[in-house]
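Undergrad: model the structure of this input:
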Amino acid sequence: MQRRIEDYALIGDCETAALVGRDGSIDWLCWPRFDSDACFAALLGRPEHGRWIIAPAEPATALKRRYRENTLILEKEIETAQGALVIIDAMPIRGAASDIVRIVAGKSGGVRMCFELCLRFDYGRLIPWIERIEDHAIRIFAGPHSTTLRTNTPIDVRDGTLVADFTVRAGERVTFVLTYQASHLPVPDPIDPEKSLHDTGRFWRDWTAKCSYRGDWYEAVLRSLITIKAMTYRPTGGIVAAPTTSLPEHPGGTRNWDYRYCWLRDATFMVASLLKAGYHDEASAWRDWLLRALAGMPSQLQPLYGIGGEYRLDEWEVAWLPGFRDAKPVRIGNAAHHQFQLDVFGEIMNTLHLARMAHLRSTAPAWDLQKALLSHLGDVWTCPDEGIWEVRGGRQQFTHSKVMAWVAVDRCIQAVEQFGLEGPVQEWRALREAVHAEVCAKGFDTERNAFVQAFGSKHLDASLLMIPIVGFLPAQDPRVRGTIAAIERELMADGFIRRYDTGKTKDGLPPGEGEFLVCSFWLAENYALQGRHEDAKALFERLLSLRNDLGLLSEEYDAREKCLLGNFPQALSHLALVNTAHRLSSGPISRRGSLNP
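TA: Purely as a prediction, here's the structure:
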């Protein structure tokens, strides 16, 4: 049976994450951080490229999986003809080392189990050395990497793979702990798997107890917040767009990108969702990561950075991995970090303004940085760019990019007017007016009665749904209403929204992709802003129905094949879910957007 993206579950320790298949196999893991060499790469390759499977030897007659309430601890109940059991998977919050704990708990009868651990480094290419250091402890290492497996059942080594056959009976618990440590360090002390499981559950329950959202979609919002928290790199506060690379946006296609980095454009959505849910510490940590990453000359601004703020994210292809369901190439790194994306100025300024509005702990360099960025923006806002969708077919005068340039200027003006900060506000007001007039004159097509993707273009773009959300124009403006109607007519498929028509837009790539989920969430927000509350709720509920059985969303949805597409889970999709839920739960809708204070 072919794998589907929705077959996977997420576990993580707020420093890295793993994907666990419905069949009990961990097929993707990067240690010791999100963007490092993968220990398990079967997600993008084959079993010999690294996986860890624990499964019954006989076919299951029933299978149900879930997360323990308000945690990231995964439980899978399995029934077979011989009996029943539960497999528990978790990654404890990192202590001296990083661990994966897997426990097989017998419920009834006696079920024969198969265990196979195939560790490969360098994205599935490097076969490690294996040595037994104790009766039930085995070290696997190569180059800078070292892992230690400890278990209470006998393990054999066959052709570079650890294997075991064991039977679990009612009341028995067979435990496995795989620990990562740099190879030059001593083998770490063992942890108690049962205690670590208890402590992990307490960590997540304590964290989720802080959630302030109490609307109609509490469970969906909380699961999205847990997912976002799991994609946070705790040492720096950076939050990756997804823990995976190269999961295709089109079956068998080439739109396969590495998302294990931090995008500036996610910043506004990130801070807005965290603040609304009561997570000020996480919002502050992300804001601080942002300020560190941006330190430098404004002309050197990048759209994305590494989780530590790294600048160099060179893109290369992994020739030995066939890709998820043969979608090639598998890419490591992301060449978009070289691009000029004008819209990120708006996202940065809006993020810092939201933080200021929420009275997050102030940082003196923030305003100086904003003034320097705005000075540079004044010189470059008329230039073409690669835009929000990071096209590889050449720069254009993207309308959304100009709207976000307006947002950058507007938020700095608000900082002066509301907080008494010093700046050349008259100059900024003139710039804000000039940008607004340019967008309305060149970005709106009177014949189509809609804003268009780029100046002089006839094509639509779902990013234009941000116009009322950020407050550029009110949702009731006839130009906004016309744009929404055009997007509904031309970019909607099976009730969901595509980013743009990939067959018409020159984005430098072959046509074809799924419906972009964040765009559909934006449409639901637009409906709410227009007072179309029933339409907004109906669309939001349809979007919730696309989540897998564990409440996880990827980047896109294939309306024809009825499956998820793109990197998984996707932070932006879950952020949009949280923000839209707040929008629909907030009662009367104000004229201005949720991302516009």
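Undergrad: point out where the stretch 401-550 of the chain drops to low pLDDT.
TA: Within the stretch 401-550 of the chain, not a single segment meets pLDDT under 70.
Undergrad: please repeat the previous calculation with a cut-off of 80.
TA: 503-508, 510 (pLDDT under 80).
Undergrad: that one: strands as residue ranges?
TA: 444-445, 450-451, 492-493, 496-497, 515-516 (DSSP state E, counting those that start in this stretch).
Undergrad: then the stretch 51-200 of the chain?
TA: Using DSSP E, counting those that start in this stretch, strands in the stretch 51-200 of the chain cover 51-56, 62-67, 74-79, 83-90, 98-118, 129-134, 137-142, 145-151, 156-158, 161-169, 173-182.
Undergrad: next, count neighbours for the residue lying closest to residue 445 once chain neighbours are set aside.
TA: In space, and not counting its chain neighbours, residue 445 is closest to residue 452: 4.9 Å by Cβ to Cβ, 6 or more residues apart in numbering. For every residue, glycine as well, the C-beta is placed using N, CA and C. Neighbourhood size, residue 452 [other Cβ atoms under 10 Å]: 21.
Undergrad: I'd say residue 452 and residue 444 touch.
TA: Yes. Residue 452 is within contact range of residue 444, at 7.3 Å (criterion: Cβ atoms under 8 Å).
Undergrad: just the CA atoms of the helix or strand containing residue 226, as CSV, please.
TA: Element membership for residue 226, per DSSP states H and E: helix 218-230. C-alpha atoms of helix 218-230 as CSV (Å, rounded to 0.1, in the frame of the first residue of the first chain):
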residue,chain,number,x,y,z
TYR,A,218,-10.8,24.5,21.4
GLU,A,219,-9.5,21.0,20.6
ALA,A,220,-8.4,21.9,17.1
VAL,A,221,-6.7,25.1,18.3
LEU,A,222,-4.9,23.4,21.1
ARG,A,223,-3.7,20.6,18.8
SER,A,224,-2.4,23.2,16.4
LEU,A,225,-0.6,25.1,19.2
ILE,A,226,1.0,21.9,20.5
THR,A,227,2.2,21.2,16.9
ILE,A,228,3.7,24.7,16.6
LYS,A,229,5.4,24.3,20.0
ALA,A,230,6.9,21.0,18.8
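Undergrad: given the next helix or strand after that helix, what are its sheet partners and their directions?
TA: Remark: after helix 218-230, the chain's next helix or strand is strand 232-233, criterion DSSP H and E. Paired neighbours of strand 232-233 in the sheet (DSSP bridges): strand 238-239 (antiparallel).
Undergrad: for the partner strand, give me every contacting residue.
TA: Applying Cβ atoms under 8 Å, 6 or more residues apart in numbering, the contact partners of strand 238-239 are 228, 231-233, 262, 266, 270, 286, 289, 293, 305-309, 571.
Undergrad: 10 Å instead, please
TA: Strand 238-239 is contacted from outside by 33-34, 228-233, 261-263, 266-267, 270, 274, 282, 285-286, 288-290, 292-293, 305-310, 571, 575, using Cβ atoms under 10 Å, 6 or more residues apart in numbering.
Undergrad: ok, of those, which come out buried?
TA: 33-34, 228-233, 261-263, 266-267, 270, 274, 282, 285-286, 288-290, 293, 305-307, 309-310, 571, 575 (16 or more other Cβ atoms under 10 Å).
Undergrad: which ones among these lie within helices?
TA: Among the buried ones among the contacts of strand 238-239, the ones falling in helices (DSSP state H) are 228-230, 266-267, 270, 274, 282, 285-286, 288-290, 293, 571, 575.
Undergrad: could you single out the nearest of those to residue 76?
TA: residue 230 (18.1 Å; Cβ to Cβ).
Undergrad: distance of the closest one relative to residue 73?
TA: From residue 230 across to residue 73, the span is 12 Å (Cβ to Cβ, to the nearest Å).
Undergrad: now the common contact residues for the two.
TA: By Cβ under 10 Å, 6+ apart, the residues touching both residue 230 and residue 73 are 11, 91, 204.
Undergrad: what is the nearest of those residues to residue 152?
TA: residue 91 (19.6 Å).
Undergrad: tell me the contacts of the residue lying closest to that closest one once chain neighbours are set aside?
TA: In space, and not counting its chain neighbours, residue 91 is closest to residue 13: 4.0 Å by Cβ to Cβ, 6+ apart. Applying Cβ under 10 Å, 6+ apart to residue 13 gives the contacts 72, 90-95, 98-100, 200, 203, 230, 234.
Undergrad: now flag whichever of those is closest to residue 62.
TA: residue 90 (22.7 Å).
Undergrad: ranges for the helices of the stretch 251-400 of the chain?
TA: For the stretch 251-400 of the chain, the helices defined by DSSP state H, counting those that start in this stretch occupy 266-276, 280-294, 343-357, 365-380, 399-419.
Undergrad: wait, which of those helices is closest to residue 184?
TA: It is, among the helices of the stretch 251-400 of the chain and with distance given as Cβ to Cβ, helix 280-294, at 27.9 Å.
Undergrad: packing partners of the closest one?
TA: helix 218-230, strand 232-233, strand 238-239, strand 262-263, helix 266-276, strand 304-305, helix 343-357, helix 365-380 (3 or more Cβ pairs under 10 Å, 6 or more residues apart in numbering; DSSP states H and E).
Undergrad: output these as JSON lines; include the columns distance to residue 2 and mean pLDDT.
TA: Shown next, in JSON lines, are those (distance: least, Cβ to Cβ, whole Å; pLDDT from 0 to 100):
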{"stretch": "helix 218-230", "distance to residue 2": "25", "mean pLDDT": "98"}
{"stretch": "strand 232-233", "distance to residue 2": "32", "mean pLDDT": "95"}
{"stretch": "strand 238-239", "distance to residue 2": "31", "mean pLDDT": "95"}
{"stretch": "strand 262-263", "distance to residue 2": "30", "mean pLDDT": "96"}
{"stretch": "helix 266-276", "distance to residue 2": "31", "mean pLDDT": "90"}
{"stretch": "strand 304-305", "distance to residue 2": "31", "mean pLDDT": "97"}
{"stretch": "helix 343-357", "distance to residue 2": "37", "mean pLDDT": "95"}
{"stretch": "helix 365-380", "distance to residue 2": "46", "mean pLDDT": "94"}
